[in-house]
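A.B. asks: Just a sequence and a predicted model for now, questions to come.
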Amino acid sequence: MKKNSIYLVLLLLASLTTILSGCNFLENKVGEMKSALKGREAIIQTYDEESNIIDRIEARSIDIGPEDMFSTIDSQGNKIKNSGVLSITVGGKPMMHVGSSLILAEKDLHNIFEEFAKTINIKNLDRSTPFLNRLVNSMSNMTTGKNLLILIRSQSGKPLATYVGNQVSYFATDVDKSTGILIDGKYLFIYRCDYSIYDVSLLQEQ
């Protein structure tokens, strides 16, 4: 193969890699625009430090973003720190939230932790078996065929939600202490939570 042909192949491979890696980024941006225009069909839940649900809101049109009046602005008018206060629109009606852990899950995202909690006494976990391994073993029918598992914890470190998916990407948001995650094309918004992302096969091997 001629040198020019090799360079062309390498260039095409590099371009394809860039395009593929940017697909989820583009999908996330498109989702943000759709959310701003008509909202997402989703569920919002807030949690205390013990991972107990404080409130739950389900609606066909939810949009979530920063309340910009609480952003930190320098003397030149540039934003130097994002707002940590959430501005939420639910069916066209306003709502604000700050402080406690919050998760927005788009329709069809299934929190397998809620099923796990119905059958396992969370407060009396056997310390000889790691929590995640018990969850994966107990919910094997839900994790089969999935590549990645997202474990979300409260601000005090107690598990409160778990999602699985084949394609998972995470993104910065305009809200302080928050992350946006795409799970198989569905949007998950996490505010003031700890989280870890694991390969499911790694947990099944333990």
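C.D. replies: Now that the structure is in, tell me what you want to look at. Numbers count the residues shown, from 1 in each chain.

A.B. asks: going forward, measure contacts and count neighbours with C-alpha atoms only.
C.D. replies: Will do.

A.B. asks: how far is stretch 48-64 from where the chain is centred?
C.D. replies: 14 Å (CA atoms, centre = their mean, to the nearest Å).

A.B. asks: which residues touch it?
C.D. replies: Contact partners of stretch 48-64, identified using CA atoms under 8 Å, 6 or more residues apart in numbering, comprise 35-36, 38-47, 86-92, 100-101, 153-156, 158-160.

A.B. asks: Just the buried residues of that stretch, please?
C.D. replies: For stretch 48-64, burial by neighbour count (16 or more other CA atoms under 10 Å) applies to 48-49, 51, 58, 61-64.

A.B. asks: With secondary structure added, can I get the residues you listed in JSON lines?
C.D. replies: Listed next are those as JSON lines, based on DSSP: H, G, I helix; E, B strand; the rest coil:
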{"residue": "D48", "secondary structure": "coil"}
{"residue": "E49", "secondary structure": "coil"}
{"residue": "S51", "secondary structure": "coil"}
{"residue": "E58", "secondary structure": "strand"}
{"residue": "S61", "secondary structure": "strand"}
{"residue": "I62", "secondary structure": "strand"}
{"residue": "D63", "secondary structure": "strand"}
{"residue": "I64", "secondary structure": "strand"}
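
A.B. asks: Just give me the closest of those to A117.
C.D. replies: If you rank these by distance to A117 using CA to CA, S51 comes first, at 11.4 Å.

A.B. asks: Tell me how many other residues crowd A42.
C.D. replies: Applying other CA atoms under 10 Å, we find 22 other residues in the vicinity of A42.

A.B. asks: how about it, what does it touch?
C.D. replies: Neighbouring residues of A42 by CA under 8 Å, 6+ apart: 58-62, 104-107.

A.B. asks: Thought K146 was touching V136, still the case?
C.D. replies: No: applying CA atoms under 8 Å as the test, V136 and K146 come out as separate, 11.1 Å apart.

A.B. asks: neighbour count winner among the two?
C.D. replies: V136 (21 against 14).

A.B. asks: In three-state terms, how would the more buried one be classified?
C.D. replies: Secondary structure assignment for V136 (three-state DSSP): helix.

A.B. asks: what sits against L202?
C.D. replies: Taking CA under 8 Å, 6+ apart as the definition, L202 has no contacts.

A.B. asks: sec struct for it, please.
C.D. replies: Secondary structure, three-state DSSP: L202 is helix.

A.B. asks: Look at Y198 and report its pLDDT.
C.D. replies: Note on Y198: pLDDT of 90.

A.B. asks: who touches both of V136 and K146?
C.D. replies: V200.

A.B. asks: Mind listing the strands whichever strand or helix holds T46 pairs with, and their directions?
C.D. replies: For T46, the element it lies in under DSSP states H and E is strand 40-47. Its sheet considered, strand 40-47 pairs with strand 53-66 (antiparallel), strand 101-106 (antiparallel) by DSSP bridges.

A.B. asks: so N133 touches V200, yeah?
C.D. replies: No: applying CA under 8 Å, one finds N133 not in contact with V200, separated by 9.7 Å.

A.B. asks: Output the strands paired with strand 40-47 in JSON lines; the columns should cover mean pLDDT and distance to E114.
C.D. replies: Output for the strands paired with strand 40-47, formatted as JSON lines (pLDDT from 0 to 100; distance: least, CA to CA, whole Å):
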{"stretch": "strand 53-66", "mean pLDDT": "92", "distance to E114": "11"}
{"stretch": "strand 101-106", "mean pLDDT": "95", "distance to E114": "13"}
